[in-house]
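J.: Sequence first, then the predicted structure:
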Amino acid sequence: YIVTVPAEQAGLVLAKMRGAGVPCTRIGTTGGNAITVAGEAPVSINSLVSAFERWLPAYMNGAS
């Protein structure tokens, strides 16, 4: 899963997750119209929404 929280809460959320035994890592930041993961090119929110909303209909229609 990817979880987003305000930057000032990141440390607290990481500590609580680790305290509950949930493996977690801060991988980047969000803002504007893209998700940026450290060391990777930004990915637009629009492309993510499109991929999420269209995969099942495409699959059902036989697209691979």
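T.: Looks like it came in fine.

J.: Each with direction, which strands does the least confident helix or strand in the chain by mean pLDDT pair with?
T.: Within the chain, confidence by mean pLDDT, DSSP states H and E is lowest for strand 28-31 among all helices and strands, at a mean of 75. Partners of strand 28-31 in the sheet, by DSSP bridges, are strand 34-37 (antiparallel).

J.: Pull out the buried residues from the strand it pairs with.
T.: Neighbour-count burial for strand 34-37, with 16 or more other CB atoms under 10 Å as criterion, is recorded at I35. Heads up, the C-betas are built off the backbone N, CA and C, glycines and all.

J.: outside of it, which residues touch it?
T.: Contacts to strand 34-37, defined as CB atoms under 8 Å, 6 or more residues apart in numbering, come from residues I2, I27, G28, T29, T30, P42, V43, S44, I45, L48.

J.: likewise stretch 13-22?
T.: Contact with stretch 13-22 is made by V3, V5, C24, R26, as judged by CB under 8 Å, 6+ apart.

J.: Tell me how many other residues surround the first one.
T.: In terms of burial, V3 registers 10 neighbours under the definition other CB atoms under 10 Å.

J.: Farthest-apart pair in the contacts of stretch 13-22, please.
T.: Between any two of those, the greatest separation by CB to CB is 11.1 Å, found for V5 and C24.
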